[in-house]
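In: Structure here, sequence nowhere to be found:
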């Protein structure tokens, strides 16, 4: 059985990692759909899909179960979004999400959705991590070592700071 | 070091598999970019990106090296295509291709391209396999066992035959 | 003579219905262009184009005049928008709108635009109705019976409430 | 019960009209989806969606049953096409088509598809009618009177002839 | 008064140059719209919009009249194409073209179109020049010196030959 | 040597003009890329690309150096944006910008970026000018005479005021 986990993963952090491990207790393989794949270089979406695929694959490569990290571009048409995701990913039976829109869309599509309890949500949050990157806070403790490495390789902290003035 | 192998993989066959194995002799990890990801259900592109990702991942999952199977949608703008591929895939140093357009585009982008010698090209060819599927010929011998299984699961042969009348 | 009435109709309400009736006093046939047709499942645009076409057609089917309910997708290019609308709709001579952008665009295109006086605008408003749906207020009094029925059939109130957490 | 009939209707002819009448024997309301809505002014797709909606509505306006003529733009993604059609049209239970791709896509989507027997297919054919328009043959006998009127109003025959040199 | 001259200019040749000079006899300024701007690196469209703008500007820079070379991307919607061109270009009163589709579209848009007599059409033709580039024939005599220079700078002949195998 | 100057130029004002003159001290030719070319008729982007090209070309036509005013549409994919700009414009060696995103994107693309000191930024600002147009303030002193003329020809002040109610 395969489970789908959808997110933007800007960046992939320890909270996401914990969710994947929980999903792995239920299913044999996990499809991680990297949403808004075409977005990058903004304060809210700093990393490219390729960078996010690297983060996810590296962070999870010691797991026994197969993980598929699949970039999925936005279509900007909610009514066809679940079908679009299904066309881009290996088949899955269950969806794991806490996002109300995603839950609703898959429910209207008669796909089983399970709530995934987020681990220390206030702390392990993409927004918090991006803010710490910009402000010089400690973001490194919040992401897996492999993600830290990817962020450093692409000089991600400087990228975020350079963009800082732009989004307002 | 990472190598990129681009194709449509309609379907992934033993010729492709052989190329991936040759690339693995050169590099540590292989990124397989599944091109024209948004296309499916035509005689020339019968399988969805998700189905093609399944084929590739399953056929190569016993290899020691990491394989990334990444759907890449067409932008229909050749001048930005290599940059688009790079934004969707983990970073790579070398490209493997025999397609003249792909070779040319990556060369203009100053990326190293290596010719990959196709194994028995006339036999192991997507076009030949699709024709055999439609005509009742023996396509099974031309694809890895795992691909055969994916094709059967999605009832791929019947799909191709149903579409047969339409492309003309 | 044919008149055009453009809106998003999220949902179609009694204020819209009154405008259509007023337009029917001027013209023989009314084209109701359902704008942002590709949008749905958001707090601001909960209903699909198909659901909105159902609402409009059902609410107006007892009128003697012909009504065309036509979904029109956004092109996100204001400069060609009026031409796009004209290519999707039966020909019309007069446009009815209170939206400043629509008025301006059709005036630059030398199409006659007539102000349509909105009936009790504060009460009959898509925003008010969507808020009442979410908050448990009385939205039913503000829409034609046929619209109420469509909303119930697609479980629209629950859809809006499920989405509520997401737009912020 | 509602039935869906999909076509390009370039132009709507007596063969289409006969199919709609047959569908009306089965269902209470007919949704006529005007495909490739964004195309016009080519030899194969001479008429705009708006012109085609006019043809269909006028040709069928004396029928007792409700007909919805709905422009549907191409997404160029077969895997999401049926979902796209459903988002743009009022809900339908049965699809009527002879096109192998459409039949296949709706069958994969678990929608019931019924074969619609085309009336004198060689004679009542969009291609034949467009050729006659260009070559000066008798196309008028092949379309309903109301369609003839729409074609004349937009000077459709001259449009086709003007475009004749271009498609080759 | 301003005139519009639309083409793909793959590449800009002496036949085009002659047409521009004829147009300059009629009008004060010439807008040269570089169509299919997003296309490049194919046998039929080898040069980018930027390369084509360079060719046109350089070839015409000694003329007294102002020339605007404006890239215009395809919208793939003929019904809005003239409006799209007008939104991207400085205002013009007259269009010069021999292309039946362009003539037809501007005539339906009530813009004056004048036939521009092509100078030795069989010889000065983009298709002929591209074929000569691929086959080693004398293309240099058919283009202005400045165009020859741009083609050489981007190694255009080798680009075309590299792409040769691909389009079939 | 050629320099690139990117902006939205809503409208082109004396601050922009001063930057172009400074760039002309460094380079032989200036490419002015008119960004968000597809946008117009909003409070933030009132003018079409064609109107902006007119403003720029007219305001700079007495300069000795060649100026290319090139509309560039948004792709909404930051990762390929610089490549897109390069495909639409004549080749350039240096980029002039103060926008953090543009600086960052070209730096990641290994293109030299030079800071261009904005002349009296608080005064010569698109936002300030658009506000003055709406509020009846003196915008004319802030733009070159040729720009004033273009704005008047398209009745730009009235356009902005008509749109005023809409963006909120």
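Out: Structure's in. What do you need? Every value quoted in this text rests on a predicted model; they were computed, and no experiment measured them.
In: Let me know the pLDDT of the closest residue to chain C within chain A.
Out: Nearest residue of chain A to chain C: residue A:78, at 3.7 Å (C-beta to the nearest C-beta). No exception for glycine: its C-beta is placed from N, CA and C like everyone else's. If you check residue A:78, the pLDDT there is 97.
In: Packing partners of the longest helix seen in chain A?
Out: Counting residues, the longest helix in chain A under DSSP state H turns out to be helix A:14-26. Other elements packing on helix A:14-26 under the criterion 3 or more C-beta pairs under 8 Å, 6 or more residues apart in numbering or on different chains; DSSP states H and E are strand A:2-7, strand A:29-34, strand A:94-96.
In: closest to residue F:9 out of those?
Out: strand A:29-34 (35.4 Å; C-beta to C-beta).
In: could you say what helices and strands that closest one packs with?
Out: Checking 3+ C-beta pairs under 8 Å, 6+ apart, strand A:29-34 ends up next to strand A:2-7, helix A:14-26, helix A:49-59, strand A:66-71.
In: Using TSV, please lay out those together with distance to residue C:150 and mean neighbour count.
Out: TSV is the format used below for the helices and strands packed on strand A:29-34 (distance: least, C-beta to C-beta, whole Å; neighbours: other C-beta atoms under 10 Å in any protein chain shown):
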stretch	distance to residue C:150	mean neighbour count
strand A:2-7	29	23
helix A:14-26	37	18
helix A:49-59	38	26
strand A:66-71	36	22
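In: Make a markdown table out of these and add mean pLDDT and distance to residue E:55.
Out: Listed next are these as a markdown table, based on pLDDT from 0 to 100; distance: least, C-beta to C-beta, whole Å:
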| stretch | mean pLDDT | distance to residue E:55 |
| --- | --- | --- |
| strand A:2-7 | 97 | 47 |
| helix A:14-26 | 96 | 51 |
| helix A:49-59 | 98 | 35 |
| strand A:66-71 | 97 | 37 |
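In: now check stretch A:63-77, is it near chain B?
Out: Yes - counting by C-beta under 8 Å from any C-beta of the partner chain, chain B is contacted by stretch A:63-77 at A:66, A:68, A:69, A:70, A:71, A:73.
In: Next, the distance between the ends of that stretch.
Out: Length of stretch A:63-77, first residue to last, C-alpha to C-alpha, to the nearest Å: 35 Å.
In: now stretch A:85-100
Out: In stretch A:85-100, first residue to last residue: 17 Å (C-alpha to C-alpha).
In: Please apply the same query to stretch A:139-146.
Out: 13 Å.
In: and it, does that touch chain B?
Out: No - judged by C-beta under 8 Å from any C-beta, stretch A:139-146 and chain B are separated, with a smallest distance of 11.9 Å.
In: residues making contact with that stretch?
Out: A:11-15, A:17, A:55, A:58-59, A:61, A:123-124, A:128-129, A:132-133, A:148, A:151, A:157 (C-beta atoms under 8 Å, 6 or more residues apart in numbering or on different chains).
In: Now find how far off-centre that stretch is within its chain.
Out: Distance of stretch A:139-146 from its chain centroid, counting by C-alpha atoms, centre = their mean, to the nearest Å, is 14 Å.
In: now swap in stretch A:24-34 and tell me
Out: Worked out by C-alpha atoms, centre = their mean, stretch A:24-34 lies 12 Å from the chain centre.
In: Next, the buried residues of it.
Out: For stretch A:24-34, a neighbour-count test (16 or more other C-beta atoms under 10 Å in any protein chain shown) marks A:24, A:27, A:29, A:30, A:31, A:32, A:33, A:34 as buried.
In: closest point of chain A to chain E, which residue?
Out: Taking C-beta to the nearest C-beta, chain A has residue A:38 as its residue nearest chain E, at 16.4 Å.
In: Correct me if wrong: that residue contacts residue A:76.
Out: No - counting by C-beta atoms under 8 Å, residue A:76 is not a contact partner of residue A:38; they are 10.5 Å apart.
In: quick one, which of the two is more surrounded?
Out: residue A:38 (23 against 12; other C-beta atoms under 10 Å in any protein chain shown).
In: mind listing what the more buried one touches?
Out: Neighbours of residue A:38 in contact, by C-beta under 8 Å, 6+ apart: A:49, A:73, A:74, B:87, F:76, F:77, F:79.
In: Let me know the helix or strand that the second one is in.
Out: What that stands for is residue A:73. Counting by DSSP states H and E, no helix or strand carries residue A:73.
In: thinking again about what came up before, ok, residues contacting the longest helix of chain A?
Out: Contacts of helix A:14-26 (C-beta under 8 Å, 6+ apart): A:1, A:3, A:5, A:7, A:9, A:30, A:32, A:59-60, A:63, A:65, A:67, A:94, A:96, A:114, A:116-121, A:123-125, A:142-144.
In: picking up where we left off before, and the residue of chain A closest to chain E, how far is that from residue B:6?
Out: To residue B:6, residue A:38 is 18 Å away according to C-beta to C-beta, to the nearest Å.
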